[in-house]
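Asks: Need a 3D model of the sequence below.
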Amino acid sequence: MKKIEIYSDGACRGNPGPGGWGALLRYGDREKRLYGSEKLTTNNRMELKATIEALRALREPCDVTVWTDSQYVKKGMTEWLSGWKAKGWKTAAREPVKNADLWQELEREALRHRVDWQWVKGHAGHEGNEEADRLANQAIDEMLEIAS
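Replies: Numbers count the residues shown, from 1 in each chain. Below is the predicted model:
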């Protein structure tokens, strides 16, 4: 099984506002960069989208380490997901889970692989995380440039 490292990040200018996501995928000495944007979104949606798209880009089941600076993504996948599902996509406070559509997509993509979820402090000089952040912001910049 191929060992892949994914660094994913989301960004938003305003929350909600124009947003972007970026992901750096590494397999040995090869790298792939992915990014995209949405006109009106939230930071959490972009964090989720970055990880979804990175996992979706893998063509076969892999042994994946996902590095994210989002506790929302990490805890969602490692701590909260099973409870949300058991409660019919409701939180402990019986409110609908925010971004349930993306959580369900992320779960589908993650189930194709063996995933180790890791948190890294954002904006702390971690090379992979910094590149994912740069890609997310590049996506926003390009979208806003086209729109103007």
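Asks: Burial check on Ala132, number of neighbours?
Replies: Residues near Ala132, counting by other C-beta atoms under 10 Å, number 33. The C-beta positions use only the backbone N, C-alpha and C, and glycine is treated the same way.
Asks: And what about it, helix, strand or coil?
Replies: helix (DSSP: H, G, I helix; E, B strand; the rest coil).
Asks: can you tell me how far it sits from Trp117?
Replies: Distance, Ala132 to Trp117, by C-beta to C-beta, to the nearest Å: 15 Å.
Asks: Kindly report the same for Asp9.
Replies: 14 Å.
Asks: Looking at these two, which is more packed in?
Replies: Comparing Asp9 with Trp117 by other C-beta under 10 Å, the one with more neighbours is Asp9, at 33 against 18.
Asks: Let's verify the more buried one: helix, strand, or coil?
Replies: strand.
Asks: which helices and strands sit right next to the helix or strand hosting Glu105?
Replies: Element membership of Glu105 [criterion: DSSP states H and E] is helix 100-111. Judged by 3 or more C-beta pairs under 8 Å, 6 or more residues apart in numbering; DSSP states H and E, the packing partners of helix 100-111 are helix 43-56, helix 81-86.
Asks: Please consider this matter closed, and thank you.
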